[in-house]
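A.B. asks: structure here, sequence nowhere to be found:
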């Protein structure tokens, strides 16, 4: 059996090196890495040399890579690309992580956890009850929304644009099923991944509806999965009061700050290790190996 770990990154980080090397200690791990097309050739080579070669390590070729922007449709494209590559292999679970994430459990613990849950057809993907998903879709968002500019002027410009478009130029999205929104980091079975591609092949207008959305990557997959009765009833924590990131098997601190999500450090280790989740995010690029080992009780 194989477990796919698909990583989206744009630079070399200590968490990335730690995670890849740890995962590849197990013959059951297959790691597929997408390096942002914007990444310079120098930095791309640094990633290759730092991670080395391994029979179970695969990089998306540069010519197939995607230039990814925050909140942009390109986020969905890269996720679909990684899923498509995963389907070339015989696997049980597909886990999407970033270059700032690390596994909490050891390979042995995680694989036993996966085995038990795969037998029950469990899916790890979250849904946030505070759903503002429709506004992300019924407006066509221009490029200036996808630049992380937090100045007062840009905030006013964005708010004015949204109010104007919402009132006078709202798109018709009534062809879409019920909208669900949650964390874009998840772990899904091979059956769920296959269903995603089946759904979008049967509903071509669905993909087109996301091409000018904002942060649609937090809606695209949730909406497909949560509208399927069989997949929905097997979602981890579906009947509980779990946060959406916890339903996805991730420890993520969106409340403590000072940055959001919080960059985890020594003060977070106890909460991380006691969470009984699969991955933790996010750690600073220069986090020490000692800290990362503590976070997974290595």
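C.D. replies: Alright, I've got the coordinates. Keep in mind that this is a model prediction, so the values were computed, not measured. Numbering: from 1, shown residues only.
A.B. asks: let me see the contact set for residue 260.
C.D. replies: The contact partners of residue 260, by Cβ atoms under 8 Å, 6 or more residues apart in numbering, come to residue 254. Every residue, glycine included, has its C-beta placed from N, CA and C.
A.B. asks: wait, what's in contact with the residue nearest to residue 84 when sequence neighbours are not counted?
C.D. replies: Of all residues not flanking residue 84 in the chain, residue 197 sits nearest, at 7.4 Å (Cβ to Cβ, 6 or more residues apart in numbering). Going by Cβ under 8 Å, 6+ apart, residue 197 touches 83-84, 87.
A.B. asks: residues in contact with the helix of greatest length in the chain?
C.D. replies: Using DSSP state H to define each element, the chain has its longest helix at helix 152-168. Residues outside helix 152-168 that contact it (Cβ under 8 Å, 6+ apart): 135, 138-140, 142, 144-145.
A.B. asks: show me what stretch 291-298 is in contact with.
C.D. replies: With Cβ under 8 Å, 6+ apart, stretch 291-298 has contacts from 14-15, 18, 22, 102-106, 264-266, 268-269, 272-273, 280, 283.
A.B. asks: let's see which of those residues end up in helices.
C.D. replies: Those of the contacts of stretch 291-298 lying in helices (DSSP H): 14-15, 18, 22, 269, 272-273.
A.B. asks: and the most centrally placed residue in the chain, helix, strand or coil?
C.D. replies: The C-alpha lying nearest the average C-alpha coordinate of the chain belongs to residue 185 (Cα atoms, centre = their mean; 2.8 Å). Secondary structure of residue 185, reduced to three states by DSSP: H, G, I helix; E, B strand; the rest coil: coil.
A.B. asks: ok, it to residue 82 distance?
C.D. replies: Counting by Cβ to Cβ, to the nearest Å, the gap from residue 185 to residue 82 is 12 Å.
A.B. asks: if we can go back for a sec, most neighbours of all the ones in helices among the contacts of stretch 291-298, which one?
C.D. replies: Of all the ones in helices among the contacts of stretch 291-298, the most densely surrounded is residue 15 (27 neighbours; neighbours counted as other Cβ atoms under 10 Å).
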